[in-house]
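> Give the three-dimensional model of this entry:
(chains A and B)
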Amino acid sequence: MPELHIIVCVKAVPKAEEIRVDPESMVIIRDGVRSEINPPDMNALEMAFRVKDENGARVSLLSMGPPFFEDYLRVGLAMGADAAFLLSDRKFGGADTLATTYTLAKGIEKIGGADLILCGEESSDGATGQVPPGLAEWLDLPQLSLVSEIQVDQSEKNIRVRREAGRGYEIIQSEYPVVLSVKTASNEPRFMEYPRKEWAFSEAELSVWDANALDVDEEQIGIAGSPTIVTGLREAEVRDRRQEFLQGTPEEIAAQLRTILVEHL
Amino acid sequence: MRFLHHNFNPIKGEAKLKATVYGSQESQEEIWTYIEHDGDGISPVSLELLSKAYELGRACGWKVIALILGSETEEFVEDARTFGADEVWVVEHPGLKEFDCEAFTTAAYQAILSAKPSVFLFGATPNGRDLAGRLAVRLLTGLNADCTQLQIDKERGVLISEVTGFGGGVLADLEIPLRRPQMATVRPGVFLQTPVKDKGQGEIRRFHPDIQDKNRTHILENVVEEGVDLTKAEVLICGGRGIEGQFDVLTQLAEIWGGAVGATRPPVDDGFIPRQNQIGQTGVICRPKVAVNFGISGAFHFIVGIQEADLVISVNIDPDAPIFEYSDYCIQGDVHELMPILLNEVQQQDEGNA
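Numbers count the residues shown, from 1 in each chain, chains lettered A, B, ... in the order given. Got it, this is the predicted structure:
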């Protein structure tokens, strides 16, 4: 049986708790803000490594972003991935979901495809969750979202997954190749393996591909390929609240709280 | 129609990529709303969206269309009319019996191309997001996710979608100037359901899709768990990281007050409470009469879920916690000390009334 090939799409995001917004320009202040692997992508990585542990598989990482993303791909290599690919070109910048999924799909095509393409549920900065279905459409593959468990049957060339679909769950069977988004917090991501870490940060080969290398249609990438534009930015209005502090012993406060509640219901 | 789905192979068919499926010049002044349904009827978010579409449609003179996909959908037609659809498109096919994203995408794509609407709205549910995400790529158009407000600029024929950014209290307006349809998803609870008075007038249109179903995915088991509809709760008792998983006390409080329990993201991520109880930007947007927050610091992505509450009461150990800026009544104290005392107080009162 041919070895399974898994591609995990990952990205680096600014740490949510360090992000500040310039109140004048409403622009995100990135200076001094540290990045991390998008937390939901960590669950996608862990799912890939578990499939690798159980079935044997080659795990490739794919990302689109600036050159510094390389460090985060190396973290993924140290966790257990075998190869990493970074799509990096100024021309890719400013991409919305359509241009992003097109570029990633071209990257997957150049890698040579995969049996399983895993993504995080959503990014912590964009939070749209729309890359996995978009990617599947470009690649003409089935797609299942919010997957928390997976079993791979290589002899039947299919997978069986548990999908956390709102109220309850579904057990779904799908043929592969398939694109999956992994339910956030559905597993406990592993740490970097020390023997691998040295390899990952020195010898491991990491391919960086620009627009030329990918042979993309330049009208479909970056700002040019993005139908969506931002036309306004402003601070969210916050409703005025009384902000009255209740005083007294815990018992007195509990009594006040109950009175306030009864009055309002 | 520039290309048909069955020979649409975008990665290999490079020359076709430059094509816009259809643009603003060709589009019709119509607002389409995707009507999601299950065994319990139309999902609330679809009716909320239809209500919003009706409001937008009446304001700018555009037609409102409800799109229902499925294998047996008759029971949903009347509801769609009640909520103001000028036309109800019924797209029935045996291949649409259960949600198969590829089949649903194909059916919706064909219906869309036959009418070329300007706007297409979806509820940001698990299936709604998948369908919208896939369809936007097939239509080579933009999709604005989790919008908090929608407006139509009638002069320009442009949908203006408001979204929140970075959980930091920034709002952005997004537009899709050239491509059509202008697609957007909206989370449950953002808009209100408003049945219209002149109901039942909507015309019914039947559309027969040609689904060459690849049938690559099969739902083997569908388990629906008991759920609470947080958007309907009058009292919302919310817990954050600070309560360290003690949701049993909050549940008792909620039961006495006839309310529901909500949570911020960390306790959900830690498995203390199901994801469906998560409040805020990536959870449920609520409109309770009263929200009581225990051990919640007050990140903005949580606040957006309770800012429509009539009254907000918060308990936190840290007097400088941001949550207090968004609260009517603030209690600086240890939640572990206060929660049992409050429960005791409320239980005694409850017994007194009984």
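
> pLDDT below threshold where in the stretch 101-250 of chain A?
Where the stretch 101-250 of chain A drops to pLDDT under 70, the residues are A:127.

> Now stretch B:37-53: buried residues?
For stretch B:37-53, the neighbour count (16 or more other Cβ atoms under 10 Å in any protein chain shown) marks B:37, B:42-53 as buried. Every residue, glycine included, has its C-beta placed from N, CA and C.

> Among these, which one lies nearest to A:Ala185?
Comparing the buried residues of stretch B:37-53 against A:Ala185 with Cβ to Cβ places B:Val45 closest, at 23.4 Å.

> Up against chain A, what does the stretch 251-354 of chain B have?
B:257, B:268-271, B:275-276, B:281-282, B:289-290, B:292, B:300, B:303-304, B:307, B:310-313, B:324-333, B:337-338, B:341-342, B:344-346, B:349 (Cβ under 8 Å from any Cβ of the partner chain).

> Residues of the stretch 51-200 of chain B that sit close to chain A?
Going by Cβ under 8 Å from any Cβ, the residues of the stretch 51-200 of chain B near chain A are B:101-102, B:105, B:125-127, B:129-134, B:136-138, B:140-146, B:160, B:164-179.

> Now the buried members of those residues.
Buried among these (16+ other Cβ under 10 Å): B:101-102, B:105, B:125-127, B:129-134, B:136-138, B:140-146, B:160, B:164-176, B:179.

> Give me the subset of the residues you listed lying in helices.
B:101-102, B:105, B:126-127, B:129-134, B:136-138 (DSSP state H).

> how does chain B divide into domains?
Domains of chain B are assigned by automatic domain parsing as B:5-207, B:230-348.

> Dump the ones you listed into a markdown table; add mean pLDDT as well.
Formatted as a markdown table, the domains of chain B follow (pLDDT from 0 to 100):
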| stretch | mean pLDDT |
| --- | --- |
| domain B:5-207 | 89 |
| domain B:230-348 | 92 |
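
> Surely A:Trp199 forms part of a helix?
Yes. When classified by DSSP: H, G, I helix; E, B strand; the rest coil, A:Trp199 is found to be part of a helix.

> so who does it touch?
Neighbouring residues of A:Trp199 by Cβ atoms under 8 Å, 6 or more residues apart in numbering or on different chains: A:77-78.

> what's the distance between it and A:Lys91?
Distance, A:Trp199 to A:Lys91, by Cβ to Cβ, to the nearest Å: 32 Å.

> and if you look at B:Thr33?
For B:Thr33, the distance to A:Lys91 - Cβ to Cβ - is 36 Å.

> can you pull out the helices in the stretch 51-200 of chain A?
Ranges of helices in the stretch 51-200 of chain A, per DSSP state H, counting those that start in this stretch, are A:69-79, A:97-111, A:131-139, A:194-201.

> closest one to B:Glu29 among those?
Taking Cβ to Cβ, helix A:97-111 is the member of the helices of the stretch 51-200 of chain A nearest to B:Glu29, at 23.7 Å.

> Identify the spatial nearest neighbour of A:Cys94, chain neighbours not counted.
Slight slip there: residue A:94 is Gly, not Cys. A:Ile223 (3.9 Å; Cβ to Cβ, 6 or more residues apart in numbering or on different chains).

> Give me the phi and psi for the most centrally placed residue in chain B.
The geometric centre of chain B, computed from its C-alpha atoms, lies nearest to B:Arg187 (Cα atoms, centre = their mean), at 2.3 Å. The phi/psi pair for B:Arg187 (degrees, to the nearest 10) reads phi -70, psi 160.

> Ok, A:Asp210 next?
When read as degrees, to the nearest 10, the backbone of A:Asp210 gives phi -100, psi -170.

> circling back: just to check, the residue nearest to A:Gly94 is in contact with A:Ala95?
Yes. Using Cβ atoms under 8 Å, A:Ile223 makes contact with A:Ala95 at a distance of 7.4 Å.

> higher neighbour count, these two?
A:Ala95 (22 against 13; other Cβ atoms under 10 Å in any protein chain shown).

> ok, now which ones touch residue 142?
Went with chain A since none was named. Counted by Cβ under 8 Å, 6+ apart, A:Pro142 has contacts A:136, A:174-175, A:178-179, B:101-102, B:214, B:216-217.

> The chain in question should be chain B.
By Cβ under 8 Å, 6+ apart, the residues touching B:Gly142 are A:96-98, A:226-228, B:136, B:174, B:176, B:179, B:182-183.

> Now render the residues you listed as JSON lines, adding distance to A:Lys15.
Converted to JSON lines, the contacts of B:Gly142 look like this (distance: Cβ to Cβ, whole Å):
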{"residue": "A:Asp96", "distance to A:Lys15": "23"}
{"residue": "A:Thr97", "distance to A:Lys15": "23"}
{"residue": "A:Leu98", "distance to A:Lys15": "27"}
{"residue": "A:Ser226", "distance to A:Lys15": "25"}
{"residue": "A:Pro227", "distance to A:Lys15": "30"}
{"residue": "A:Thr228", "distance to A:Lys15": "25"}
{"residue": "B:Ala136", "distance to A:Lys15": "29"}
{"residue": "B:Leu174", "distance to A:Lys15": "25"}
{"residue": "B:Ile176", "distance to A:Lys15": "31"}
{"residue": "B:Arg179", "distance to A:Lys15": "34"}
{"residue": "B:Gln182", "distance to A:Lys15": "33"}
{"residue": "B:Met183", "distance to A:Lys15": "30"}
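
> Would you check how far apart B:Pro117 and chain A are?
For B:Pro117, the distance to chain A (Cβ to the nearest Cβ, to the nearest Å) stands at 16 Å.

> hmm, back to that, single out the most deeply packed of the helices of the stretch 51-200 of chain A.
Among these, helix A:131-139 has the highest mean neighbour count (mean count of other Cβ atoms under 10 Å in any protein chain shown), at a mean of 27.

> Contacts for it, please.
A:9, A:97-98, A:100-102, A:104-105, A:108-109, A:113, A:117, A:119, A:123, A:142-143, A:145, A:177-181, B:10-11, B:101, B:105, B:129-134, B:136-138.

> Compare B:Thr33 and A:Lys91 (neighbour count), which wins?
Set B:Thr33 next to A:Lys91 and count neighbours by other Cβ under 10 Å: B:Thr33 wins out with 30 against 18.

> The more buried one pairs with what?
Counting by DSSP bridges, B:Thr33 is bridged to B:Ala66, B:Leu121.

> isn't it right up against B:Ile68?
No. Contact between B:Thr33 and B:Ile68 fails when scored by Cβ under 8 Å: they sit 9.9 Å apart.

> coming back round to it: need the helices of the stretch 51-200 of chain A in TSV (columns: distance to B:Asp153).
Below are the helices of the stretch 51-200 of chain A laid out as TSV (distance: least, Cβ to Cβ, whole Å):
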stretch	distance to B:Asp153
helix A:69-79	37
helix A:97-111	22
helix A:131-139	26
helix A:194-201	51
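
> So for A:Arg258, which of those helices sits nearest?
Of all the helices of the stretch 51-200 of chain A, helix A:131-139 sits nearest to A:Arg258, with 46.9 Å by Cβ to Cβ.

> related to what we said a few turns ago, filter the buried residues of stretch B:37-53 down to the ones in strands?
B:37, B:42 (DSSP state E).

> And the furthest pair within the buried residues of stretch B:37-53?
Of all pairs in these, the most separated under Cβ to Cβ is B:His37 and B:Lys52 at 18.1 Å.

> Could I get the contacting residues of B:Gly305?
For B:Gly305, the contact set (Cβ under 8 Å, 6+ apart) comprises B:262, B:279-281, B:283-286.

> May I have the phi/psi pair for residue 206?
No chain in the question, so chain A it is. With angles defined as degrees, to the nearest 10, A:Leu206 sits at phi -130, psi 120.

> actually it's chain B I care about, not the one you picked
The phi/psi pair for B:Arg206 (degrees, to the nearest 10) is phi -110, psi 130.

> excluding its backbone neighbours, what's nearest it?
In this structure, B:Arg206 finds its nearest non-sequential neighbour in B:Val90, 5.2 Å apart by Cβ to Cβ, 6+ apart.

> quick one: secondary structure of the residue nearest to A:Gly94?
coil.

> and it, what does it touch?
If you count contacts by Cβ under 8 Å, 6+ apart, A:Ile223 has them with A:93-95, A:99.
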